[in-house]
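*Asks:* sequence below, structure please.
(chains A, B and C)
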Amino acid sequence: MKHIAIKENHLYSKAYAKGQKFVSRNTVVYVLKDFKSEKLMKANPMKEYINRIGLTVSKKLGGAVVRNRVKRILREGLRQAESELSLKKGYLIVIVARASSVDATSSHIHKELTKAFASLKMIKQ
RNA sequence: GAACUGAACCGGACGGUUGCGCGGUAUGUCGCCGAAAGGUAUUACCGUGAGGAAAGUCCGUGCUUCACAGGGCAGGAUAACUGAUAACAUCAGCCGAGGGUGACCUUAGGGAAAGUGCAACAGAAAAUUACCGCCAUUUUAUGGUAAGGAUGAAAACGCGAGGUAAGAGCUCACGACACGCUAUGGUAACAUAGGGUGGGUGUAAACCCUAUCCGAAGCAACACCGUAUACAAGAACCUUUAUUUGCCCGAUAAGGCUUUUUGCCGUUCUUGUGGGUGGCACGCAAUAUUUUGCGGAGCGUUCCGGUGACGGGACGCAAAGAUAGAUAACCGUCGAUUACAGAACACGGCUUAUAGGUUCAGUUCAUAC
RNA sequence: CUGGGUAUAGCGCAGAUGGUAGCGCGCUACCUUGGGGUGGUAGAGGCCGUGGGUUCAAAUCCCGCUACUCAGA
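*Replies:* So this is what the prediction gives:
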């Protein structure tokens, strides 16, 4: 499942302000309903709803190498979580890395994201 | 064996499963666009996929756009000499200076008799110096004097002899320094030797002078496609058209701040912005879209020339090109406890960061032969 | 990506062409008051971000780093 990245800065600020939040040791997850998902569905040739993903890794965590590594680990954890769970579609998901995630592995992220999606009621019944 | 010096290189390796970017080939019935041709999503396979510094952005180039008769001023950069190079503030060799027992290392290293400025405190005096002292005259002032004194980072070359009223490179011998001359060596900077001349210090990373060089801005450059139903700013009109809540100040009017908003949305005008592709990973030209030719400061191996930087020839390879930004996760074995660190148009240097390891050349000391 | 600026006492800032570093607020002690505030007197506190260089001498001049910050497209 491919992701479409969130590019617009105002969408991030909307997610922080309005979205539902779940804080864990390495990450903070924000989820918000995507009102533009219908347009995106029409644009998408497969005609499916899609979750848009945004990863936030601030400069405080380290240089470019450290930040790239954190992003890869987040992406891998998200991939594992998505392949196991069946998530609801049509949402904006913003994942913010916290300072301790520099030392984390993808299995940690995978567990945390599973918890986070469960408590945010993102799993299809 | 110990302690060092210099140079070069590596910067985890191999295997398995899953996953990502780009390129190519095939698929593309079912899905999407289209009248069709076709395109595309998808899927499969193959190839390929970060560094020695990719970093800092300190220099120099290519490339792009703009400007441009010629000359000068201003401004900036560089600074022994010879060479290398596309060019440089880089590099090599060499000279001078400084450091080290030595291998070797460091060096912004032109000019202070072109001019100006500055040299705190101390000291008589910080550049044409006379306070004490010494000497002469006359007498309590003038002149001569750098041998001696104290200060300071720095006080007019050192020492001996002659000389003198007292003294002084004033004169002489020896030595140190500076600048010409001659000879020898070297392309040259310069070195050595001989002989001559000279005597106001430091500072030019103070202004400055001399010589040489320099048009400006940058890939968010720039080129092409697209060009209004969008957005931003400003102005005018209108006044509830969208919404309409709170706080502060105020006599009122006007106003200010904040909140809500995947927000905003009365009309007109003006100005600006935006999307995509190329640039960009080999390019250009010719052509029967496949081949040929040319080019590239490209990489590797090797040969030749050169002390060396480097140059020339042959063969082979040319394969990151993303665009919120691709290299990851897990397991096994070895090794080790893994450092500094991520391309964003490209290249040559410099500077800075860097765990651990390998190789080569050499020095000193000790011992043995 | 490009081009600037700043770093000095706990805080906010001076220090123009090199010569031993100051101001305001704050802090400490004392005086004044019945007590506090105000006022007065005295005092402490600095390797001038960091590493080199030039110079007799560097916060100042030159070069390299670090951190913060501003502007442009």
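
*Asks:* taking chain A, what residue is nearest to RNA strand B?
*Replies:* Of all residues in chain A, the one sitting closest to RNA strand B is A:Gly63 (2.9 Å; Cβ to the nearest atom of the strand). The way it works is simple: take the backbone N, C-alpha and C, and place the C-beta from them, glycine included.

*Asks:* neighbours of that residue, how many?
*Replies:* A:Gly63 is flanked by 8 other residues according to other Cβ atoms under 10 Å.

*Asks:* any idea of the pLDDT on it?
*Replies:* pLDDT recorded at A:Gly63 is 72.

*Asks:* can you check the one 5 residues further on too?
*Replies:* pLDDT recorded at A:Asn68 is 78.

*Asks:* how close does it get to A:Leu113?
*Replies:* As judged by Cβ to Cβ, to the nearest Å, A:Asn68 and A:Leu113 stand 19 Å apart.

*Asks:* which of the two has more neighbours?
*Replies:* Using other Cβ under 10 Å as the criterion, A:Asn68 and A:Leu113 rank with A:Leu113 on top: 25 against 12.

*Asks:* run a quick neighbour tally on A:Phe22.
*Replies:* Around A:Phe22 there are 18 residues (other Cβ under 10 Å).

*Asks:* SS state for it?
*Replies:* A:Phe22 falls in the strand class when you classify it by DSSP: H, G, I helix; E, B strand; the rest coil.

*Asks:* is the closest residue to it other than its chain neighbours in a helix, a strand, or coil?
*Replies:* Closest residue to A:Phe22 apart from its sequence neighbours, by Cβ to Cβ, 6 or more residues apart in numbering: A:Ala116 at 4.2 Å. Of the three states, A:Ala116 takes helix according to three-state DSSP.
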